[in-house]
Each structure stands twice: as C-alpha cells, then as structure tokens.
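*Asks:* One predicted model, sequence on top.
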Amino acid sequence: MTTNGLIITDSGQPLPEGVTLPIYMDNHATTPMDPRVLDAMLPYFGKIFGNAASRNHQFGWEAEQAVDKAREQVAKLIGASAKEIIFTSGATESNNLAIKGIAEMYRERGNHIITQVTEHKAVLDTCKKLEKSGYSVTYLPVQADGLISLADLEAAMTDKTILVSIMFANNEIGVIQPVAEIGKLCKSKGILFHTDAVQAVGKIPVDVQSMGIDVLSLSGHKIYGPKGVGALYVRRRNPRVQITEQINGGGHERGMRSGTLNVPGIVGLGAACEIALNEMAEEAKREAELRDYLKAKLENALDYVTVNGNMEHHLPGNLNMSFVHVEGESLLMGINDIAVSSGSACTSATLEPSYVLKALGLGDDVAHSSIRFGLGRFNNKAEVDYVSDKIITVVKHLREMSPLYEMVKEGIDLSKIEWAAH
C-alpha cells in the first residue's frame, strides 16, 4: 500500500517502460505542478518575501513587480489586458465574486440570472444562495450530447436578465459550449456574460475579446500551477463591468478583492499560464491522440460501452465512458492502481449518480458504471496501454459474474422484465 492508501496490484510483475504505479489520470480534478512552475515560485518563499502592497521600500517593490509580471502572463493567455485581471484564491472564489458581485451591483437593473444544470457546484450553489435573497434563476437543460440550446437561452432572456453564466467546458464530460455564439447573443441583448473557464484555459484557445466574454474565472491548479490561487477577468471597456466586492478590508485588486496578495502562488499561476500558452497547440494535439487511442482500444475490445458527451466539441484530454452492465464501484476497486473518477459523487456518505450524467438522460445504473479519464501533460502512451488493458480485463471479469449481462447476451430485453420486490 502506498502512503496515500492506494493498494498496488500486480506489483510483482515487471512493468512496461514508462509506467510507474499508481498511474494518475484524473487531471480534471487537479494537475501535478510543473517543475518549471515550482522553480519560478521558490525565490518568493525565501529571499523575496515582501508585501506587494508595501510601496515604500525595496521588499514591497520586488513583490509588486512579480505580481505585475504574473498579471501580464495571465492576461496574455486569454487575450485580456493586465488591468483586467483580479487575483483570487481559486475558481470557487472567482465564481462567487463574479455572480454575487454582478447581482448586487446591477440589482436595480434586474434580478434575473441564467445558467445551466451541468455547471460546477461553485456556480449552482452560488445561484441557489442568490435565490434566497430574491433573485430569479433559470437553469437551462442540456441536450443528450451535453450542449445547451441557443434557442433555449434566447427564449429564457427577459428585460430583467442581468447575467448569463455558462461554463466554457464541462469538468466531467469535457463538452465545450458554443461560447462565442453565447457571447454574441448576450451582447445583442445588453446582458453580461460570465464563464467558468477553469477546464478550458490553458487547454484550448480562449480569447475574451473575440468570444464576447465579459467576466471569466480560472484556477492555477488545473493548469499545472499551485493550489490556492486563481483569477477573475473583468472587462474594462465595451462595456465596463462593475462588481461589488464580497471581501472588505484594504481595497486591494481595484477594490474588488481585499486581502494581502499570495505572491508565490500568483508567480506560479503566471508561470503556468506562460508555459500553457507556449505549448498549448502541440500538447492539445498529443492529448487528443492519446484520448482517441484509449477510446478505440476500449471500444474494439468491449461491447456495451458508450461515450458520454459530444466528441466534436470536446476537450483534448477528456474521455467519459459508460461500461454498461458493470457495477461502477466494483470496477473502480478492480483498477485501484489507476486514479480516475467515477460517475458517482460521494454526498453525505451515500453514493449518488453524477448530476451531470443524469442531465444527459442516463439512468442511475449507467451513470454509476461511468469512468472519467483525464489525460494530462505527464501521461504517456505506455500508461494508456496499461490503463486500457487493465480496464478490459476487469470489465470482462465482472461481466462473467453478472447475471444481467448474461441475460442481455441471450437476447433478453431487461427493460421489459418485471422485477419482484423482496
């Protein structure tokens, strides 16, 4: 057993070159820090320790200079200007600041917000909180492929709508929403557009100008940077977006987010953004090839597997598959030397099927049988071979013991069976 509790199986067998157990393939949850990011941060844990708000001595100037450089690096990655970047503690805070801050600032103009059912909880729970304060929220459904309907979005807009918040790319199924079309529609109606772009920034091109994005959330630890730091882009022109601060005290970050800046974290976020910008095109191509290779191996070896989410509008490193007639937790236990996510969410000690997969129309049993593979910068082809071979072996083994799978193979339609209660 490793220090993190994982039980290593097959450790007695020689491993292929390029494979070290356990294998991490859960890069939508978090990413390991790139060593180049750590190198950039280290001086700011030691000799360069000043408060970036101390503008009357050398220590403060050095810290402020590092923050200014990071602000430029973050802005460049998304087509913004440095003055439009507000540093936060992460995307959850960015989403809260964007949605609550706009709702409060524009309250006299209207009280209606539009979002969608497959948003991250950082957006959904924030909207639910606002509903208790008298705001009205429309939660758009998604189609079976995970995309929203632009017609539904337009139909939901009213003269009281002040904000549309639609995520750029989904964290579970990797589906990329038509952000540029949403931005264009919002602009034509005079409605502000916020996007939670945590999974998209640094992975695919994001340009706040051409896409009509007014406010955007991003996070460091999703792009091989440190945890505990994120940013919020806030448009300054056409229109100039105003946000009411949610944390008071000191007036840092143009008065929108008070608090002493996390200089080492901000330096790391800036470095991570610069690396992502320089390597994005090549890395996206490599990850998409690995993903397609993994998908093909699983589909060729197993029946009753389905891909969840639209694959034409998709993050390069994401693959979400359902292994029908397999119990999800048994599958995860069988591949416990591989770190992936299941279609279940642990809530209050009960296993609930993923609300994202259920929004696509999947039944509880199919959602439970789903696995999210999150390929990243440090995964290689040898690991994909190991993972696919292991999953094929375990799925076949579990199905051999499954009476339901046996009935399906015999041509019995399970949906027409009346099960007796015991």
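*Replies:* Cool, got the structure.
*Asks:* What segments of the stretch 201-350 of the chain are strands?
*Replies:* 215-219, 230-234, 305-307, 318-323, 338-339, 341-342, 344-347, 350-353 (DSSP state E, counting those that start in this stretch).
*Asks:* Which residues outside stretch 272-287 are in contact with it?
*Replies:* 34, 36-37, 70, 73-74, 76-77, 201-205, 220, 223-225, 316-317, 375-377, 379 (Cβ atoms under 8 Å, 6 or more residues apart in numbering). Any C-beta I mention is one placed from the backbone N, CA and C, and that applies to glycine too.
*Asks:* Next step: these restricted to helices.
*Replies:* Among the contacts of stretch 272-287, the ones falling in helices (DSSP state H) are Arg36, Val37, Ala70, Gln73, Val74, Lys76, Leu77.
*Asks:* which among those residues end up buried?
*Replies:* By neighbour count, with 16 or more other Cβ atoms under 10 Å, the ones in helices among the contacts of stretch 272-287 hold Val37, Ala70, Gln73, Val74, Leu77 as buried.
*Asks:* re the thing from before, quick check: which of the strands of the stretch 201-350 of the chain has the most neighbours on average?
*Replies:* Mean neighbour count, computed with mean count of other Cβ atoms under 10 Å, is highest for strand 215-219 among the strands of the stretch 201-350 of the chain, reaching a mean of 30.
*Asks:* Just checking: what are the partner strands of that strand?
*Replies:* Here strand 215-219 has these sheet partners by DSSP bridges: strand 192-196 (parallel), strand 230-234 (antiparallel).
*Asks:* So for the last one, mean pLDDT?
*Replies:* Per-residue pLDDT over strand 230-234 has a mean of 98.
*Asks:* okay, that strand in CSV with CA atoms only?
*Replies:* What follows is strand 230-234, C-alpha atoms only, in CSV (Å, rounded to 0.1, in the frame of the first residue of the first chain):
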residue,chain,number,x,y,z
GLY,A,230,-6.9,31.8,-9.2
ALA,A,231,-8.0,34.8,-11.2
LEU,A,232,-11.1,36.7,-12.4
TYR,A,233,-11.1,38.6,-15.7
VAL,A,234,-13.3,41.6,-15.5
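*Asks:* who touches that strand?
*Replies:* So strand 230-234 is contacted by 74-75, 78, 80, 84-91, 93-94, 97-98, 208, 213-220, 241, 243, 256-257, 269 (Cβ under 8 Å, 6+ apart).
*Asks:* same check, this time on the first one
*Replies:* Contacts with strand 192-196, where a contact means Cβ under 8 Å, 6+ apart, come from 91, 94-95, 98-99, 102, 106, 119-120, 122-123, 162-168, 179, 182-183, 186-187, 212-217, 239, 241.
*Asks:* For the ones in helices among the contacts of stretch 272-287, give me JSON lines that also has pLDDT and distance to Met25.
*Replies:* JSON lines is the format used below for these (pLDDT from 0 to 100; distance: Cβ to Cβ, whole Å):
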{"residue": "Arg36", "pLDDT": "98", "distance to Met25": "22"}
{"residue": "Val37", "pLDDT": "98", "distance to Met25": "20"}
{"residue": "Ala70", "pLDDT": "98", "distance to Met25": "29"}
{"residue": "Gln73", "pLDDT": "98", "distance to Met25": "28"}
{"residue": "Val74", "pLDDT": "98", "distance to Met25": "27"}
{"residue": "Lys76", "pLDDT": "98", "distance to Met25": "30"}
{"residue": "Leu77", "pLDDT": "98", "distance to Met25": "25"}
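*Asks:* Reformat those residues as TSV; add distance to Leu331.
*Replies:* Below are these laid out as TSV (distance: Cβ to Cβ, whole Å):
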residue	distance to Leu331
Arg36	36
Val37	34
Ala70	42
Gln73	41
Val74	39
Lys76	42
Leu77	37
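*Asks:* From these, pick the one nearest Tyr293.
*Replies:* Arg36 (26.9 Å; Cβ to Cβ).
*Asks:* any idea how far Gly220 is from that closest one?
*Replies:* For Arg36, the distance to Gly220 equals 14 Å [Cβ to Cβ, to the nearest Å].
*Asks:* Contact partners for Ile113?
*Replies:* Applying Cβ under 8 Å, 6+ apart, we find Ile113 in contact with 99, 103, 127, 130, 135-138, 161-165.
*Asks:* Now secondary structure, distance to Pro22 and pLDDT too, for these, in JSON lines please.
*Replies:* Putting the contacts of Ile113 into JSON lines (DSSP: H, G, I helix; E, B strand; the rest coil; distance: Cβ to Cβ, whole Å; pLDDT from 0 to 100) gives the following:
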{"residue": "Ile99", "secondary structure": "helix", "distance to Pro22": "37", "pLDDT": "98"}
{"residue": "Ala103", "secondary structure": "helix", "distance to Pro22": "43", "pLDDT": "98"}
{"residue": "Cys127", "secondary structure": "helix", "distance to Pro22": "37", "pLDDT": "98"}
{"residue": "Leu130", "secondary structure": "helix", "distance to Pro22": "41", "pLDDT": "98"}
{"residue": "Tyr135", "secondary structure": "coil", "distance to Pro22": "44", "pLDDT": "98"}
{"residue": "Ser136", "secondary structure": "strand", "distance to Pro22": "46", "pLDDT": "98"}
{"residue": "Val137", "secondary structure": "strand", "distance to Pro22": "40", "pLDDT": "98"}
{"residue": "Thr138", "secondary structure": "strand", "distance to Pro22": "42", "pLDDT": "98"}
{"residue": "Thr161", "secondary structure": "strand", "distance to Pro22": "47", "pLDDT": "98"}
{"residue": "Ile162", "secondary structure": "strand", "distance to Pro22": "46", "pLDDT": "98"}
{"residue": "Leu163", "secondary structure": "strand", "distance to Pro22": "42", "pLDDT": "98"}
{"residue": "Val164", "secondary structure": "strand", "distance to Pro22": "40", "pLDDT": "98"}
{"residue": "Ser165", "secondary structure": "strand", "distance to Pro22": "36", "pLDDT": "98"}
